[in-house]
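Colleague: structure here, sequence nowhere to be found:
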């Protein structure tokens, strides 16, 4: 990289740096995981255009999710050694290249490899966003907007992609991702110039903080285990209860709107940690409402409350972890735990369903794990 190029990347921050950083966090965090947020539409197109089997489609999305999580491993080294501006620029360029090349892929294995690279770049950008949010004056509010941005992009993608796929095929999705990321390249200058986060930015160092950190990591892991186990099979729960696919789809689509509202409320309330037990409690209640083959209205209520509280609680969890993070490593570890929990939850839930011939064990187990996650996050809390 020549001196002139490096100066443009690592030069003076954009005007109104706090607002610019907030915009960068929200936009990069919304675009990087958008394939996963629009998975139903993309999966349907992969089946119709590429004639992929369900197992091949599942493997493709598992690779994307796994790569986003695995991005945390090299990040433990580069977070404290590499300028976050340069890391964000490099990640964005790799993301653009992988998506452009995905439009040219003509074999499944090549597409698989390119989606791995794209997700690895996207995961690195997510880590920078998570760690940068922890340095802001009000991390809880930023994490609420972080979640809300992802949900809004996901909802727009699910609404617009089917029509685009009909006219332009799967390439439309990858071209849009590359184009949007190219537009965000100037915002890489909003991230930190290079040194680890100083402790006076909000992280605390108290006796027992290592145990609190461990509790926080286990808290987000258990949260995503319960979340992944329930949300993956919520459509199947509705089907077993006799709810039609059309009604179930409409309910789950509106639940996405409730998710946006939940994240918005968390941001509006500045993710006040005193509300953590309330959010967790309502989430557990929503899970228990799904017991015993719920009728249409009980199923709808459970889905709405579950999605609202899921996106309401997540910013609270991240705000708890931000209080313990000195150099971005804890937020990096949280990215790894999110992917791990999302992988463990459906796998364990699926085996419980097969073993018990129903959803009762999964739902009761999820409610218990939600309670455990609350206890762990409460134990990780520190006073401001």
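Modeller: Sure, I can see it. Just so you know, these numbers come straight off a predicted model, no measurement behind them.
Colleague: so how far is residue 88 from the closest residue in space to residue 23 that isn't next to it in sequence?
Modeller: Using Cβ to Cβ, 6 or more residues apart in numbering and skipping the chain neighbours, the partner closest in space to residue 23 is residue 187 (6.6 Å). C-betas here are computed from N, CA, C, even on glycine. Distance of residue 187 to residue 88, given as Cβ to Cβ, to the nearest Å: 8 Å.
Colleague: neighbour count: these two, which is higher?
Modeller: Between residue 187 and residue 88, counted using other Cβ atoms under 10 Å, residue 88 has the larger neighbour count: 28 against 21.
Colleague: what's the helix or strand containing residue 163 packed up against?
Modeller: Under the criterion of DSSP states H and E, residue 163 resides in helix 139-168. Applying 3 or more Cβ pairs under 8 Å, 6 or more residues apart in numbering; DSSP states H and E, one finds that helix 139-168 contacts helix 17-31, helix 34-37, helix 39-49, helix 108-133, helix 171-184, helix 245-268, helix 296-322.
Colleague: now the second one, how far from the centre of its chain.
Modeller: The gap between where helix 34-37 is centred and where its chain is centred comes out at 9 Å by Cα atoms, centre = their mean, to the nearest Å.
Colleague: next: the fourth one.
Modeller: Between the mean C-alpha point of helix 108-133 and the mean C-alpha point of its chain there is a distance of 12 Å (Cα atoms, centre = their mean).
Colleague: okay, residue 213: pLDDT?
Modeller: Reading off the confidence values, residue 213 has pLDDT 88.
Colleague: ok so, going back, reformat the helices and strands packed on helix 139-168 as CSV; add distance to residue 225.
Modeller: What follows is those, written out as CSV (distance: least, Cβ to Cβ, whole Å):
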stretch, distance to residue 225
helix 17-31, 22
helix 34-37, 17
helix 39-49, 19
helix 108-133, 19
helix 171-184, 29
helix 245-268, 19
helix 296-322, 13
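Colleague: so which of these gets nearest residue 161?
Modeller: helix 39-49 (4.3 Å; Cβ to Cβ).
Colleague: which residues touch that closest one?
Modeller: By Cβ atoms under 8 Å, 6 or more residues apart in numbering, the surrounding residues in contact with helix 39-49 are 35, 52, 54, 56-57, 60-61, 157-158, 161-162, 165, 169-170, 173.
Colleague: now it: mean pLDDT?
Modeller: Rounded mean pLDDT across helix 39-49 is 86.
Colleague: and the angle for it with helix 245-268?
Modeller: 140 degrees (axes from the mean of the first three to the mean of the last three Cα atoms, to 10 degrees).
Colleague: now helix 39-49 and helix 171-184, what's the angle there?
Modeller: 140 degrees.
Colleague: what's the domain layout of this structure?
Modeller: Domain assignment for the chain by automatic domain parsing gives 3-196, 201-380.
Colleague: re the thing from before, which one of the helices and strands packed on helix 139-168 lies closest to residue 345?
Modeller: helix 296-322 (12.3 Å).
Colleague: quick one: the closest one to chain centroid distance?
Modeller: With Cα atoms, centre = their mean, you get 14 Å for helix 296-322.
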